[in-house]
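S.K.: have a look at this prediction, sequence included:
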Amino acid sequence: MVTALEYTGKWELVKMTGSTTGSESTGSDMEWQEKYVINEDETFAKTRVRGDGTIVVSGTYKFTEEGLMDESESDVTIYIELSHNTDNKIIGNCNSKSTTEYLYFTSNNKLKSTWEACDGPGLEYTKK
């Protein structure tokens, strides 16, 4: 069972990778700065800063678990499904008409976007 406190809080983008080998950027070298604030009341806010522009969007979320359940739970992946309140250009997903975004938590306490599975950038976040 997911314990929300473990996953709620502020998650900041720390690494961005492209589809070509070696195309990795961090910090101010990334195309944009971004953070998610995941609240305990099942709401979230996403902020992206690119150049002089800032976009803030919000919505609700739910957790899902996928994988083999065993005593160690080491083979279980926790996903967060973000449902945006409105269509917006900072939704990172594989379907341009969807307002849902999927991310997952890694075993080393990172949050990663699934957008990379369909040629989007690889986005990695750490909890601040």
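M.R.: That came through fine.
S.K.: okay, CA-based contacts and neighbour counts for the rest of this
M.R.: OK.
S.K.: now for the nearest residue to Q33 once chain neighbours are set aside: which residues touch it?
M.R.: Closest residue to Q33 apart from its sequence neighbours, by C-alpha to C-alpha, 6 or more residues apart in numbering: V49 at 5.1 Å. Residues in contact with V49 (C-alpha atoms under 8 Å, 6 or more residues apart in numbering) are W32, Q33, E34, I55.
S.K.: make a PyMOL selection of the buried ones in the residues you listed.
M.R.: A single PyMOL command selects the buried members of the contacts of V49 (16 or more other C-alpha atoms under 10 Å):
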select buried, resi 32+33+34
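S.K.: which of the contacts of V49 lies closest to D87?
M.R.: D87 lies nearest to I55 out of the contacts of V49, by C-alpha to C-alpha, at 12.4 Å.
S.K.: the strands in this structure, which residues?
M.R.: With DSSP state E as the criterion, the chain has strands at 9-17, 24-26, 33-38, 43-50, 53-67, 76-84, 100-105, 110-113, 122-127.
S.K.: would TSV of those with distance to C94 be doable?
M.R.: Below are the strands of the chain laid out as TSV (distance: least, C-alpha to C-alpha, whole Å):
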stretch	distance to C94
strand 9-17	16
strand 24-26	21
strand 33-38	19
strand 43-50	18
strand 53-67	18
strand 76-84	13
strand 100-105	9
strand 110-113	11
strand 122-127	13
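S.K.: tell me which of those strands lies nearest to N93.
M.R.: Across the strands of the chain (criterion: C-alpha to C-alpha), the nearest stretch is strand 100-105, sitting at 5.5 Å.
S.K.: show me what that closest one is packed up against.
M.R.: strand 76-84, strand 110-113 (3 or more C-alpha pairs under 8 Å, 6 or more residues apart in numbering; DSSP states H and E).
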